[in-house]
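Enquirer: Predicted structure and sequence below. I'll ask about it afterward.
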Amino acid sequence: MGGETNLITLVRSMMPELQPGEYVFASVTSLTDISREETICEFKEAEGVTVVLKRARADALGISYDFVASWITLTVHSSLSAVGLTAVFATALAKNNISCNVVAGYYHDHIFVDRDDAQRAVEVLRGLSTEADPLRFLSM
């Protein structure tokens, strides 16, 4: 199952879902103290391994972080080869002064926003799904 590629269908079918909890991005040099079951995702960079995990677990492990996020899942099954979905929702969020950090999973896109912006971000995304012309944000 490759997922949806039609941009209009994707935007109209996003169905954003706010996940419970608070999440952090942190850079670590070793994963020995962090169980794979505890990480939401990991990404190897030259400077270290970026991990996303629950804030409470990072605190318990003494891992420092600068950004506390809420996690929004777009429940539409989007294709990894789909073009434009990230541009559309990132632009809509930016126009509302909401930063977003996007992680693409095999089935869904996941958006991490500042925890203080979570509800507003979900409202923006839901509003975008019902726009008569959801791609208008790309030409503004």
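Expert: Yep, that arrived.

Enquirer: Could you grab the helix/strand/coil label for the spatially closest residue to Val11 that is not a sequence neighbour?
Expert: Distances taken as CB to CB, 6 or more residues apart in numbering put Pro134 closest to Val11, at 4.2 Å, once the chain neighbours are dropped. C-betas here are computed from N, CA, C, even on glycine. Assigned with DSSP: H, G, I helix; E, B strand; the rest coil, Pro134 falls in the coil class.

Enquirer: I figured Pro134 hits Met14, correct?
Expert: No. Under the criterion of CB atoms under 8 Å, Pro134 is not in contact with Met14, lying 9.2 Å apart.

Enquirer: More neighbours: which of those two?
Expert: A count of neighbours by other CB atoms under 10 Å puts Met14 above the other of Pro134 and Met14, at 25 against 20.

Enquirer: what's the spacing between that one and Glu131?
Expert: Separation of Met14 from Glu131 (CB to CB, to the nearest Å): 11 Å.

Enquirer: Leu18 too?
Expert: From Leu18 across to Glu131, the span is 20 Å (CB to CB).

Enquirer: All the strands of the chain, in order from the start?
Expert: Applying DSSP state E to the chain gives strands spanning 16-18, 23-28, 39-45, 48-54, 68-74, 101-104, 109-114.
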